[in-house]
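# here is a sequence together with a model predicted from it:
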Amino acid sequence: MAPGAGSVMALENVSKVYGGAVSTIALNGVTFDIKEGDFASIVGPSGSGKSTLLNLLGALDRPTSGKIYINSHDISLYDDNQLSMIRNKYIGFIFQAYNLIGRLTAIENIEIPLMVRGIPRDKREVLAMQSMRLIGIEGLRNKKPTFLSGGEQQRVAISRALVAEPKIILADEPTGNLDSINSKVVMDALIKINKEAGKTVIMVTHNLELANMTRKIIRIRDGMVEKIENVAW
Ligand SMILES: Nc1ncnc2c1ncn2[C@@H]1O[C@H](COP(=O)(O)OP(=O)(O)OP(=O)(O)O)[C@@H](O)[C@H]1O
Ligand SMILES: [Mg+2]
């Protein structure tokens, strides 16, 4: 059955088994949905399946069984080209390790998703500046990553995830390398892109204090949904 109105992502009885000499059941019958404009966090012990889940939500991988809908497209049986089309159209990623290119300045890093789309240079610059302004980092424009703090690098990565206007932002431990002050700055940026830019944000985190600032907390244990809490804002 297709997901209900307002759902931007939905999983139905999703399982993921990794092969190899010994197979691992990373996810086992996961069902939930994410509404447009939601800010959700995924929490759970190490090895419980959080990154596996985020990779499936981000169309980086296919489930072993079950269905995954992204903006009403059932992607469970998509081939690699179709998955990549869905990623380009709908999803921006933020990782724990920032993944910025060292020889490029902040603004050049932010322009990368636009280059991939063949957008001309002057337009790329305008869009990258807009994205930096939203996050409040326009002053970092010509700095290279080695001259930025961890929190600044992660905010450049957030601007890069936003620049091509995806509907959905997925973040895997975005504050995992940061101290508490920088974690707060990055969290504020995520709250801002959710509230002001209207993006749907899904974040994996070990930090319960940050999870408590999101609208929906999805608790995963042993590859299963243990509990979903909806927090009133
Ligand atoms: N590519 C892979 N091949 C085989 N097993 C994998 C692979 N990726 C993850 N696993 C296994 O699947 C299970 C879930 O891993 P996953 O990375 O999703 O956990 P996690 O909740 O993100 O953990 P952490 O909090 O440590 O990041 C683990 O048992 C892990 O060893
Ligand atoms: Mg993980």
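Here it is on my side, so go on. Ligands and ions are numbered 1, 2, ... in the order given.

# what's near enough to touch Thr24?
The contact partners of Thr24, taken as C-beta atoms under 8 Å, 6 or more residues apart in numbering, are Val17, Tyr18. To be clear about C-beta, it is placed using only N, CA and C from the backbone, and glycine gets the same treatment.

# can you rerun that using 10 Å?
By C-beta atoms under 10 Å, 6 or more residues apart in numbering, Thr24 lies in contact with Lys16, Val17, Tyr18, Gly47, Gly49, Thr52, Gly223.

# for the closest residue to the third one other than its chain neighbours, give its distance to Lys16.
The shortest distance from Tyr18 to any residue that is not its chain neighbour, by C-beta to C-beta, 6 or more residues apart in numbering, is 4.6 Å, and that residue is Thr24. Using C-beta to C-beta, to the nearest Å, one obtains 9 Å as the distance from Thr24 to Lys16.

# give me the common contacts of these two.
In contact with both Thr24 and Lys16: Gly49, Thr52, Gly223, using C-beta under 10 Å, 6+ apart.

# run through the bridge partners of the residue nearest the centre of the chain.
Centroid-nearest residue in the chain: Leu170, 0.8 Å away (criterion: C-alpha atoms, centre = their mean). Taking DSSP bridges as the rule, Leu170 bridges to Phe93, Ile202.

# where exactly do the helices run in the chain?
Ranges of helices in the chain, per DSSP state H, are 50-57, 80-90, 106-116, 121-135, 150-162, 180-195, 208-211.

# give me whichever of those is most buried.
Compared across these, helix 150-162 shows the largest average neighbour count, a mean of 25 (mean count of other C-beta atoms under 10 Å).

# could you list every helix and strand in contact with that helix?
strand 91-94, helix 106-116, helix 121-135, strand 168-172, helix 180-195 (3 or more C-beta pairs under 10 Å, 6 or more residues apart in numbering; DSSP states H and E).

# indicate which one of those is closest to ligand 1.
strand 168-172 (7.6 Å; C-beta to the nearest ligand atom).

# from the contact counts, what lies against the closest one?
strand 7-18, strand 39-43, helix 50-57, helix 80-90, strand 91-94, helix 150-162, helix 180-195, strand 200-204.

# also within reach of ligand 1: list those from the contacts of Thr24.
Tyr18, Gly47, Gly49, Thr52 (C-beta under 6 Å from any ligand atom).

# what about those residues, which one has the most neighbours?
Gly49 (24 neighbours; other C-beta atoms under 10 Å).

# how about the residues of this protein near ligand 1?
Residues of the chain found near ligand 1 (C-beta under 6 Å from any ligand atom) are Tyr18, Gly20, Thr24, Ala26, Gly44, Ser46, Gly47, Ser48, Gly49, Lys50, Ser51, Thr52.

# interface residues of this structure facing ligand 2?
Taking C-beta under 5 Å from the ion, the part of the chain that reaches ligand 2 is made up of Lys50, Ser51.

# where in the chain is pLDDT low?
Scanning the chain for pLDDT under 70 picks out 1-2, 233.

# Arg219 against Leu53, yeah?
No: counting by C-beta atoms under 10 Å, Arg219 sits too far from Leu53 to count as a contact (11.7 Å).

# what do these two both touch?
Shared contacts of Arg219 and Leu53 (C-beta under 10 Å, 6+ apart): Ile42, Gly44, Val225.

# ignoring the adjacent residues along the chain, who's closest to the second one?
Setting aside the residues directly before and after it, Gly44 is nearest to Ile220 in space (C-beta to C-beta, 6+ apart), at 3.6 Å.

# hang on, the earlier thing: closest to Pro120 among the shared contacts of Arg219 and Leu53?
Within the shared contacts of Arg219 and Leu53, distances to Pro120 taken as C-beta to C-beta reach their minimum at Ile42, with 37.6 Å.
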